[in-house]
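Visitor: below is the sequence, then the predicted model.
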Amino acid sequence: MPKWPPRWIEISDKDVLAAIAHVPRHRFVPEAQRQHAYEDRPLPIGHGQTISQPFIVALMTQLLELDSQARVLEIGTGCGYQTAILAELAAEVYTIERIPELSQRASRILSELGYDNVHFRVGDGWQGWPQAAPFDGIIVTAAAPIWPPQLLEQLADGGRIVLPIGPAGGDQILWQGIKTGSQLIRNRIGPVRFVPLISDADDHPFDIEYDDLI
Ligand code: SAH
């Protein structure tokens, strides 16, 4: 595998850097992991899930290209750290998590930190949040098997979607999609490793041949 991240990928967006500097990551990681909170690596957050590496959080946020009026949808609230970064940059954040305990914990920490522009939902993010669509940005922090059709539908014209696509535990690619009219421009960013996006939905494919689909 080539060296990752390649040198041409930089976090140069000043607003993203300011948000990363401002949000206290140690508040989101479990007590036992606190001494590692400011290391540039993922950490376990319980329930078999992980808080993403800060570099990846910054990169995915930068790829969303949010402005302060933006409405953004996040799939995979997890510990809520990425949610807080989004809440710093966007007007409204809608975030979905399938594990109730994680959603509740994230909601408590974000309100303790004073964020009042975040809407939490426990459920299946594969289906998105149609009642609140369209979104200027959609970020998925678990690996999807394919481009999720409902999420693409819920993306505003000109909006960006950033997500890892690939098999659980296998080779996944981080993508940025830009919706322009009926087209989706797909920018391949690089290899990543995320926990899988889990869904019982009928149209959520498992055991597929990835090369045929992306
Ligand atoms: N951004 C989070 C990432 C957590 S890991 C953080 O940095 O803490 C990915 C999360 O996606 C997990 O919490 C997992 O439970 C959640 N997830 C997986 N499939 C999901 C689905 N279909 N809908 C909503 N959340 C999902």
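Guide: Noted; the coordinates are in hand.

Visitor: is it true that residue 181 touches residue 156?
Guide: No: when contacts are counted by Cβ atoms under 8 Å, residue 181 is not listed as touching residue 156 (11.5 Å). (Glycine included, C-beta is placed from N, CA and C.)

Visitor: so for these two, which sits in the more crowded spot?
Guide: For residue 181 versus residue 156, neighbours defined as other Cβ atoms under 10 Å are more numerous around residue 156 (15 against 7).

Visitor: okay, and that one sits in which element?
Guide: Using DSSP states H and E, residue 156 falls within strand 155-165.

Visitor: which parts of the chain are helices?
Guide: 14-22, 54-64, 81-89, 100-112, 149-153, 210-213 (DSSP state H).

Visitor: which stretches of this protein have low pLDDT?
Guide: The chain contains residues with pLDDT under 70 at 1-4, 6-8, 206-214.

Visitor: now the strands for it?
Guide: 43-46, 49-51, 71-75, 92-97, 118-122, 135-140, 155-165, 172-180, 183-192 (DSSP state E).

Visitor: hey, C-alpha coordinates of the first one in PDB?
Guide: Translated: strand 43-46. Extracted as PDB, the C-alpha positions of strand 43-46 are listed here (Å, rounded to 0.1, in the frame of the first residue of the first chain):
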ATOM      1  CA  LEU A  43      -9.400   4.800  19.900                       C
ATOM      2  CA  PRO A  44     -12.000   2.300  21.100                       C
ATOM      3  CA  ILE A  45     -15.200   3.900  22.400                       C
ATOM      4  CA  GLY A  46     -17.000   0.700  23.500                       C
END
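
Visitor: re earlier: what angle sits between the strand holding residue 156 and strand 71-75?
Guide: Comparing the axes of strand 155-165 and strand 71-75 via axes from the mean of the first three to the mean of the last three Cα atoms, to 10 degrees yields an angle of 30 degrees.

Visitor: gap between residue 84 and residue 127?
Guide: 24 Å (Cβ to Cβ, to the nearest Å).

Visitor: between the two, which is the more surrounded one?
Guide: Counted by other Cβ under 10 Å, residue 84 and residue 127 do not tie: residue 84 has more neighbours, with 24 against 18.

Visitor: show me what contacts the more buried one?
Guide: Applying Cβ atoms under 8 Å, 6 or more residues apart in numbering to residue 84 gives the contacts 23, 28, 110, 113, 115.

Visitor: pull the contacting residues for residue 103.
Guide: Residue 103 touches 77, 95, 97, 120-122, counting by Cβ under 8 Å, 6+ apart.

Visitor: now residue 11
Guide: 17, 20, 55, 58-59, 62.

Visitor: how about residue 187?
Guide: Taking Cβ under 8 Å, 6+ apart, one finds 175-178 in contact with residue 187.

Visitor: cool, residue 109 as well?
Guide: 27-28, 79-80.

Visitor: recalculate using a threshold of 10 Å.
Guide: By Cβ atoms under 10 Å, 6 or more residues apart in numbering, residue 109 lies in contact with 24, 27-28, 79-81, 83-84, 115.

Visitor: again with residue 83
Guide: Here residue 83 is in contact with 23, 28, 72, 74, 76-77, 93-95, 97, 106-107, 109-110, 115, 118, 120, 139, 141 (Cβ under 10 Å, 6+ apart).
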